[in-house]
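Visitor: could you look at this predicted model? Sequence included:
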Amino acid sequence: EPEVTQTPSHQVTQMGQEVILRCVPISNHLYFYWYRQILGQKVEFLVSFYNNEISEKSEIFDDQFSVERPDGSNFTLKIRSTKLEDSAMYFCASSPREGRQQYFGPGTRLTVT
Amino acid sequence: GESVGLHLPTLSVQEGDNSIINCAYSNSASDYFIWYKQESGKGPQFIIDIRSNMDKRQGQRVTVLLNKTVKHLSLQIAATQPGDSAVYFCAEKTSGSRLTFGEGTQLTVNP
């Protein structure tokens, strides 16, 4: 069964550094998402992406964040200058159509020191 | 066993019992709802979904009930097994394709 994959599984970075989290969505899916989950809290929406542009973003997704689909398979989340409070699990998801089931990847644990 | 997801975040049941996990959602305009299961260190895993034009949907050992009048969603798991132990989240689609997740309920199944 096809699944969403994410790399790396764990990323440790120093405050102020840039990080890029990578995702390979399911191949025939058209909608892509990033969510995050701070330890012990609920999953929070960051951004959705369709047709090579952001379709929706949350108030968390400020100018420090950007997303890109650099080729036909990868979907990336970049945090330009990481803060301690960016430490969380970051989940990528994809869906074949808007408003349908979103399939989540295993997540990248980001630790900012 | 039964829980009110937002007020009682843990539910402990015996293997073989039926479990009911409850969720109160926030937006009366939400038109699509999903239950996800999350095991420790993993991403949310789809269990079952339901559209707002339905009030019940059944899957394998799971049933989702939707009561739009009181904005309440429940997940029933029949014959709960140790492998069902996880955190269960309800999620609602509020606008566009954004999912808004609930607080989660920790289900523990005792052998």
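Guide: Okay, I see it. In this text, all values refer to a predicted model and were calculated from it rather than measured experimentally.
Visitor: what about the strands in the chain?
Guide: Going with chain A. Here chain A has its strands, by DSSP state E, at A:5-7, A:10-13, A:19-24, A:31-37, A:44-50, A:53-57, A:65-68, A:75-79, A:88-95, A:103-104, A:108-112.
Visitor: wrong chain, I was asking about chain B
Guide: Counting by DSSP E, the strands of chain B are B:2-4, B:10-14, B:19-24, B:32-38, B:45-51, B:56-58, B:62-67, B:72-77, B:86-93, B:99-101, B:105-110.
Visitor: need the pLDDT of the closest residue to B:Cys90 other than its chain neighbours.
Guide: The spatially closest residue to B:Cys90, leaving aside those adjacent along the chain, is B:Cys23, at 3.5 Å (C-beta to C-beta, 6 or more residues apart in numbering or on different chains). (Glycine included, C-beta is placed from N, CA and C.) Predicted confidence (pLDDT) at B:Cys23: the value is 94.
Visitor: please name the bridge partners of B:Cys23.
Guide: Using DSSP bridges, the beta-bridge partners of B:Cys23 come out as B:Leu73.
Visitor: so what's the residue count around it?
Guide: The tally of other residues near B:Cys23 (other C-beta atoms under 10 Å in any protein chain shown) stands at 26.
Visitor: picking up where we left off before, dump the strands of chain B to CSV, plus distance to A:Thr82.
Guide: Converted to CSV, the strands of chain B look like this (distance: least, C-beta to C-beta, whole Å):
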stretch, distance to A:Thr82
strand B:2-4, 36
strand B:10-14, 33
strand B:19-24, 33
strand B:32-38, 24
strand B:45-51, 28
strand B:56-58, 41
strand B:62-67, 38
strand B:72-77, 36
strand B:86-93, 26
strand B:99-101, 23
strand B:105-110, 30
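Visitor: lowest mean pLDDT across these, which one is that?
Guide: Of all the strands of chain B, the minimum mean pLDDT falls on strand B:2-4 (a mean of 43).
Visitor: contacting residues for whichever residue of chain B sits closest to chain A?
Guide: The nearest approach of chain B to chain A comes at B:Gly43, 3.8 Å away (C-beta to the nearest C-beta). Listed by C-beta atoms under 8 Å, 6 or more residues apart in numbering or on different chains, the contact set of B:Gly43 reads A:Val4, A:Phe91, A:Phe104, A:Gly105, A:Pro106, A:Gly107.
Visitor: how about A:Val67?
Guide: Counting by C-beta under 8 Å, 6+ apart, A:Val67 has contacts A:Phe32, A:Trp34, A:Val47, A:Phe49, A:Ile54, A:Phe75, A:Thr76, A:Leu77, A:Lys78.
Visitor: chain neighbours aside, what residue packs nearest to the third one?
Guide: It refers to A:Val47. Spatially, and ignoring its direct neighbours in sequence, A:Val47 is nearest to A:Lys57 (4.5 Å; C-beta to C-beta, 6+ apart).
Visitor: coming back round to it: go through the contacts of B:Gly43 and name the one nearest chain B.
Guide: Nearest to chain B, judged by C-beta to the nearest C-beta, of the contacts of B:Gly43 is A:Phe104 at 3.8 Å.
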